[in-house]
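1. sharing a model prediction with you, sequence too.
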Amino acid sequence: MQKLIPLLNTSIVIITKVLLRVVVSVTLSTAVVATTVSAAEPQIFDKADPQGKLLVNSQLDHTQQDTYEQQLNPQQLQWLKSEFQPSTLSLAEQKKEMLWFQHKAQAFKGMEIRVVSERINTHQYEANVLAKAFFDITGIHVIHELTNEDDVIKKFSAQLMTGQRLYDAYISDSDLIGSHFRQQHVMSITDLINHHAKDFTLPTLDLSDFIGLAFTTGPDGKIYQLPDQQFANLYWYRSDWFANSDYQKRFESKYGYPLGIPQNWQAYEDIANFFTNDIGEIAGAKVYGHMDFAKSDPSLGWRISDAWLSMAGVGDKGLPNGLPVDEWGIRVEDCRPVGASVERGGALNSPAAIYAIEKYKEWLIKYAPPEAKQLTFSESGDWAAKGNIAQQIFWYTAFVPDYTKKGLSVMNNDGTPKWRVAPSPVGKYWQKGMKSGYQDTGAWTFLNHTPEENQIAAWLYAQFVVSKTVSLKKTLVGATPIRQSDIASDIMTEQAPYLGGLVEFYRSHARDVWTPTGTNVPDYPGMAGYWWQAISRIIEGELSVTDGMNALAAQIDQHLIRLQDQDLICGPKVNKQVKPSIWLNKPGSPKQLMPEEVKGKTLPFEEAINAW
C-alpha cells in the first residue's frame, strides 16, 4: 500500500509512503468544528455543541419534522431508510444531515467533479454506491475513479508538477503528510474548515470522533488530510488449531509454556517451528507456521519500512513514534533529521535493525511455504485464506472482508471465522513505551491550486462519505473504521464474532500503539525505493544482512545530505560521522548488541487483546 511521488524538484518517482503523526490537541479539534450556519440560511440544524455533535431541537413539533421529511423526495428517503442503515444517528438526525448537504449543494448542482482513490473494498463502495447517492441528494456528479495505489500518487505528482486540474481531490495515505507539511502544496483541512470552506463544513463533522486524525496532522498543528478509512497490520492466527487440545499438550510439553497468542518473537518462532515441523500435516495437507512474501518488488520495501523495525525494538520510546530515533532508524534534533546510520546517531544499521532483518529472512526460509520467496504483497494476500497457514505476523486488517466470505476453508458454517487477529508480538529490543506496529490511513487530500468551486464541491463529497449518516455502514462493508462512535456502537458489538478480533482490537488501547511512519522521515517518497532494493539484495544472498543494512543506512544518509540544499521546512542537518561506539554507549537508540534470546511468552486471546 505504498506510494509513488517525487519532491517537486526531484526526478525520482518510486512506490512509497510518507507518514507523520503529531498528537492533535483538543483545543484545535473543537475550534475547527464549531462552524455555524449563517442567519440568512434555513436553520436545518440548531447548532453544533463544542465537539461539533448534532443537537436535536427538542422544541420542534411534529409539523416541523414532517416538513423536513417532505423536503427529501422518495428516492432520497429510500437511501436513508435502506442503504444508510445501520447508523449511529437516528433517522431524524440522518435526515437533517442530508438536508444540509442538499441545501449547501444548490450552488453546485449539475457540476461534475473528479476524485481518485486506490482499489479496495471501502473505496469500491464509495465509487459504486455512495457517489450515486450523493448525486441523488445534491445533484453533483462525482466521477470516483479507482486505480492502483501507485497510480494514485503518479496522478497526484503529475498534478503538482504541471499545475493542471486532473482531479479535484485525492484519497491518498496519510503517509504523504511529510511532503504535504514540508512543501505546502496541500490545502489543509484546518484552513478549509476555518476559512476557505467555512460555510460548507458539516456542523456534525465532529473531528474529535475520528480515531486517525493525529495521523493526518502536521507538526504545525494543522490537519492536512481528512481520514476516510484505516487499517492495521496485526498478528493473524488459526484460532481453531490453537484451541486443539492435542496441539496444546504437545506444544507445552516441548516448549514449556502454553500455545497461545505470542507476545514476543521467540514465541512466534517456536509456534512457527511447531506447526511447520512438529505438526507438519493436518487432514493430509501440508501446513506452515509462518507466511510472508519476499519477491524483488517495491512491495518488499513496504514489508520492512512499515514498522517492521519498530516491532523489533529499533527506535526509542515515545508515541506515536520514537524520539529522537524513530522506527526508520532516523534521528532528529529540533525536528531536523540528522542521520540514519549509527555513525551519525541513527539506528538503521544498528544491532536491533540487523536482528529484525535476520529474523525476517530466517523465518521466510525455515517456516513459510517455498513459494513465499517469489510472491509480492498482492500475490501473497490470499494464501492464509487457503487453510494451510497457522499464523502470520504481518497481516493487514483490510483483508477482513476477503477472509470472511462464505465457503472459505477458514470459515465456519455459522459465518464466524476459524481465525482471529490480535496485537503482534515484539522483538527482544522492544521496550514498553515504544510503538508496536503499523496503521494505515487513507485520507482526503486537496491541492492549493484546485479551482475554488471544484474544491468546495469535492469537499462536500468528502464530508458526505465520512459523515455519521453513512460511516457505520461503510465500516461494515470495508472493515476500515474511522469513527470512535461507530466502533463503540451496539452494531459493532453484534458483528464482533464475525470479524475475527477486529472490533476488539479497535476498542483496545493497542490501536494507539499501532501508528504510521512519523515526522522523522522528511522525504519518504524519495527514500522508500532504497528499502526494497537493499532488502532484495539481502534475500537473494548478494549481501549479508550486516552489509545490506550498512549500505541502506549510507543511502539514507546521503539522501538526507542532498535534502539539506532544498528549501524544506524542518529540513535535514546531518551529523558528522563518528565511531559507532560513541552512539552505542549512550542511553536509548541505537542500542547495543543483545546476544541472549528471551524466553517465549504467550497469552490467551482475551488477555492479549487487553495487554496494551
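-> Nice, I can see it. Values in this document were obtained by computation on a predicted structure and should not be read as measured data.

2. restricting to C-alpha, output stretch 82-101 in PDB.
-> Output of stretch 82-101 as PDB, limited to C-alpha atoms (Å, rounded to 0.1, in the frame of the first residue of the first chain):
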ATOM      1  CA  SER A  82     -32.300   1.200   3.300                       C
ATOM      2  CA  GLU A  83     -28.700   1.700   2.200                       C
ATOM      3  CA  PHE A  84     -27.700   4.100   5.000                       C
ATOM      4  CA  GLN A  85     -28.700   1.700   7.800                       C
ATOM      5  CA  PRO A  86     -27.500   1.000  10.300                       C
ATOM      6  CA  SER A  87     -26.200   4.300  11.600                       C
ATOM      7  CA  THR A  88     -25.200   5.800  14.900                       C
ATOM      8  CA  LEU A  89     -27.600   8.600  14.100                       C
ATOM      9  CA  SER A  90     -31.300   8.400  14.400                       C
ATOM     10  CA  LEU A  91     -33.300   8.600  11.200                       C
ATOM     11  CA  ALA A  92     -34.300  12.200  12.100                       C
ATOM     12  CA  GLU A  93     -30.700  13.100  12.600                       C
ATOM     13  CA  GLN A  94     -29.700  11.500   9.300                       C
ATOM     14  CA  LYS A  95     -32.500  13.500   7.500                       C
ATOM     15  CA  LYS A  96     -31.000  16.700   8.900                       C
ATOM     16  CA  GLU A  97     -27.600  15.800   7.700                       C
ATOM     17  CA  MET A  98     -28.900  15.100   4.200                       C
ATOM     18  CA  LEU A  99     -30.900  18.300   4.100                       C
ATOM     19  CA  TRP A 100     -27.800  20.200   5.000                       C
ATOM     20  CA  PHE A 101     -25.900  18.600   2.000                       C
END
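
3. find the nearest non-adjacent residue to residue 146, please.
-> Ranked by CB to CB, 6 or more residues apart in numbering and with sequence neighbours excluded, the top spatial neighbour of residue 146 is residue 119, at 4.3 Å. (Each C-beta comes from the backbone N, C-alpha and C, glycine too.)

4. my bad, should have said residue 378
-> Counting by CB to CB, 6+ apart, residue 299 is the residue found nearest to residue 378 once chain neighbours are left out, at 7.1 Å.

5. check residue 500 too.
-> Residue 500 sits nearest to residue 417 (CB to CB, 6+ apart), 4.4 Å away.

6. mind listing the residues bridging to the one you found?
-> Partner residues in beta bridges with residue 417: residue 411, with DSSP bridges as the criterion.

7. so which elements touch whichever strand or helix holds residue 151?
-> Applying DSSP states H and E as the criterion places residue 151 in helix 149-162. Contacts defined by 3 or more CB pairs under 8 Å, 6 or more residues apart in numbering; DSSP states H and E place helix 149-162 against strand 3-4, strand 15-16, strand 112-118, strand 169-173, strand 439-447.

8. gap between the longest helix seen in the chain and the chain center?
-> When the chain is parsed with DSSP state H, its longest helix is helix 545-563. Averaging C-alpha coordinates over helix 545-563 and over its chain gives two centres that are 26 Å apart (CA atoms, centre = their mean, to the nearest Å).

9. tell me the buried residues in it?
-> The neighbour-count check on helix 545-563 (16 or more other CB atoms under 10 Å) flags 545, 548-557, 559-560, 563 as buried.

10. in contact with the residue nearest to residue 146: list those residues for me.
-> If you count contacts by CB atoms under 8 Å, 6 or more residues apart in numbering, residue 119 has them with 146, 147, 148.

11. what is the burial count for residue 163?
-> Residues contacting residue 163 under the criterion other CB atoms under 10 Å number 8.

12. need the helices for the stretch 101-250 of the chain, in chain order.
-> Listed in chain order, the helices of the stretch 101-250 of the chain (DSSP state H, counting those that start in this stretch) span residues 121-125, 131-138, 149-162, 177-183, 189-191, 239-242, 245-255.

13. same thing with the stretch 401-550 of the chain?
-> Read by DSSP H, counting those that start in this stretch, the stretch 401-550 of the chain holds these helices, from start to end of the chain: 452-466, 468-478, 484-487, 490-495, 502-507, 524-539, 545-563.

14. the second one packs against which elements?
-> Think helix 468-478. In this structure, helix 468-478 makes packing contacts with helix 91-104, helix 121-125, helix 484-487, helix 490-495, judged by 3+ CB pairs under 8 Å, 6+ apart.

15. likewise the fourth one?
-> When contacts are defined as 3+ CB pairs under 8 Å, 6+ apart, helix 490-495 sits against helix 468-478, helix 502-507.

16. in terms of pLDDT, where does the nearest residue to residue 497 once chain neighbours are set aside sit?
-> Among residues not flanking residue 497 along the chain, residue 416 sits closest, at 5.4 Å (CB to CB, 6+ apart). At residue 416 the predicted local distance difference test score is 97.

17. quick one: residue 416 from residue 576, how far?
-> 58 Å (CB to CB, to the nearest Å).

18. between the two, point out the one with more neighbours.
-> residue 416 (14 against 9).

19. first to last residue in stretch 256-276, what's the distance?
-> Terminal residues of stretch 256-276 are spaced 18 Å apart (CA to CA, to the nearest Å).

20. what average pLDDT does it get?
-> The average pLDDT for stretch 256-276 rounds to 98.

21. could you list the buried residues of that stretch?
-> Buried residues in stretch 256-276 (16+ other CB under 10 Å): 259-276.

22. and the residue lying closest to residue 356 once chain neighbours are set aside, how far from residue 319?
-> Of all residues not flanking residue 356 in the chain, residue 312 sits nearest, at 3.5 Å (CB to CB, 6+ apart). Counting by CB to CB, the gap between residue 312 and residue 319 amounts to 17 Å.

23. tell me where the model's unsure across the stretch 1-150 of the chain.
-> Per-residue confidence for the stretch 1-150 of the chain (pLDDT under 70) gives these ranges: 1-70.

24. centroid residue for this protein?
-> residue 440 (0.8 Å; CA atoms, centre = their mean).

25. bridging residues for that residue?
-> Beta bridges link residue 440 to residue 231 when assigned by DSSP bridges.

26. per-residue pLDDT of it, please?
-> Confidence at residue 440, expressed as pLDDT, is 89.

27. next up, the contacts around it.
-> With contacts taken as CB under 8 Å, 6+ apart, residue 440 has the following neighbours: 1, 173, 174, 175, 230, 231, 232, 233, 306, 396, 398, 516.

28. try residue 403
-> Residues in contact with residue 403 (CB under 8 Å, 6+ apart) are 384, 385, 410, 417, 419, 500.

29. what about 6 Å?
-> If a contact means CB atoms under 6 Å, 6 or more residues apart in numbering, then residue 403 has residue 385 as its contacts.

30. check the spacing between it and residue 121 real quick.
-> Distance, residue 403 to residue 121, using CB to CB: 12 Å.

31. cool, and residue 382?
-> Spatial separation of residue 382 from residue 121 under the definition CB to CB is 14 Å.

32. looks like residue 559 contacts residue 525 (just checking).
-> No. The pair residue 559 / residue 525 is not scored as a contact, 10.9 Å apart, by CB atoms under 6 Å.

33. since that was my last question, I'll sign off now.
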